[in-house]
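Colleague: Would you be able to build a 3D model of this:
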Amino acid sequence: MKKIYIAGCGGMLGEAFYKQFKNDYLLKCTDIDVNESWLSKLDFRNFDEYRKDVEEFEPDFLFHLGAYTDLEYCELNPEDAYETNTRSVRYAVQIANQLNIPLLYISTAGIFDGKKELYDDWDTPNPLGVYAKTKYEGELFVCRQANRYLVCRAGWMMGGGPKKDKKFIQKLLKQIKDGKTELYVVEDKDGTPTYTHDFAANVKALLEKAITEPDWWGVYNMVCEGQTSRLEVSKELIEILNLKDKVSVIPVVSSYFRKTYFADRPASERLINKKLSQKGLNLMRDWHTALREYINNYYSDYLKNI
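Modeller: Below you'll find the model as predicted:
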């Protein structure tokens, strides 16, 4: 079995990568937060420890997943955001090149400025805030310096369930579980959901293709099919939960939440998987299907007695 070292594997995306890859690869999964039995501790911001741990495992691939994704935290702590989201990526590139192995880096739809309705794989990013800038700097460094790499751009991430999901879906579900009957949701933010398991499975297929066909290495948009908005996603969630008669979705503009969510966010984060589709390897399902599966697989106990 080929070996993969996965750094920053303790979050919602790492959980999906572990489950999607564990049967076909020998994995070493690390994170600063050891919250699973299959994780070991590593702070990838420490270059010497990062390099030593990877070298000792002797992997065939290095996956660098971890990042600070809380936009407000990044705005308030730019140095910490840079250390975690950019400088550590340089460490990963150096380690991968030294071992002559391919590197996987996870980027984000947030690197675009939102002035276009849709962004394909070749559109030029223009990041707005600290989070987006640190992620894009990481992407640039991988593309310019790594010998072999995959950069996969995700959209609005959903996955991991109540334990690991800190994003939009979990925030809505927590309000519902707490008894809220009105959900205030922005109507001026568009994007594309990305189910962690679909993302990890498509990365797996792409990696295995690139191993035998070197021209497959590169940058790819990788989001669920179907363009949508925060408002539409929330309404679909209520539909899936059969709560239309109990919970109302109230549209508001972004300024309604300005005190809480003060970091700049693009009006549109809609990606299209143009490159994957051209190559015949777009395995990402429609977001409606993925969202329903996510809720059914992760929230049956959480949502009891609602």
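
Colleague: Can you check my assumption that Asn85 lies in a helix?
Modeller: Yes: according to DSSP: H, G, I helix; E, B strand; the rest coil, Asn85 belongs to a helix.

Colleague: List the single closest residue to it in space, sequence neighbours excluded.
Modeller: Excluding the flanking residues, the one nearest Asn85 by Cβ to Cβ, 6 or more residues apart in numbering is Thr134, at 3.7 Å. (Glycine included, C-beta is placed from N, CA and C.)

Colleague: Kindly report the same for Lys180.
Modeller: Val247 (7.4 Å).

Colleague: mind listing what the one you found touches?
Modeller: 176, 180-183, 238, 241 (Cβ atoms under 8 Å, 6 or more residues apart in numbering).

Colleague: Could you report the separation of it from Thr228?
Modeller: In this view, Val247 and Thr228 are 19 Å apart by Cβ to Cβ, to the nearest Å.

Colleague: what do you get for Pro214?
Modeller: Taking Cβ to Cβ, one finds Pro214 at 35 Å from Thr228.

Colleague: follow-up on the earlier one: secondary structure class for the residue nearest to Asn85?
Modeller: Applying three-state DSSP: Thr134 is helix.

Colleague: burial count for it?
Modeller: 25 (other Cβ atoms under 10 Å).

Colleague: confidence score at it?
Modeller: pLDDT recorded at Thr134 is 98.

Colleague: what sits against Pro214?
Modeller: Counting by Cβ under 8 Å, 6+ apart, the residues that Pro214 touches are Arg148.

Colleague: Next one: it from Asp80, what distance?
Modeller: For Pro214, the distance to Asp80 - Cβ to Cβ - is 36 Å.

Colleague: go on, Asn305?
Modeller: For Asn305, the distance to Asp80 equals 40 Å [Cβ to Cβ].

Colleague: Pick out whichever of those two has more residues nearby.
Modeller: The neighbour comparison of Asn305 against Asp80 (other Cβ under 10 Å) goes to Asp80, with 15 against 4.

Colleague: Would you mind confirming that that one makes contact with Ala67?
Modeller: No: at 11.4 Å, Asp80 does not count as touching Ala67 under the criterion of Cβ atoms under 8 Å.
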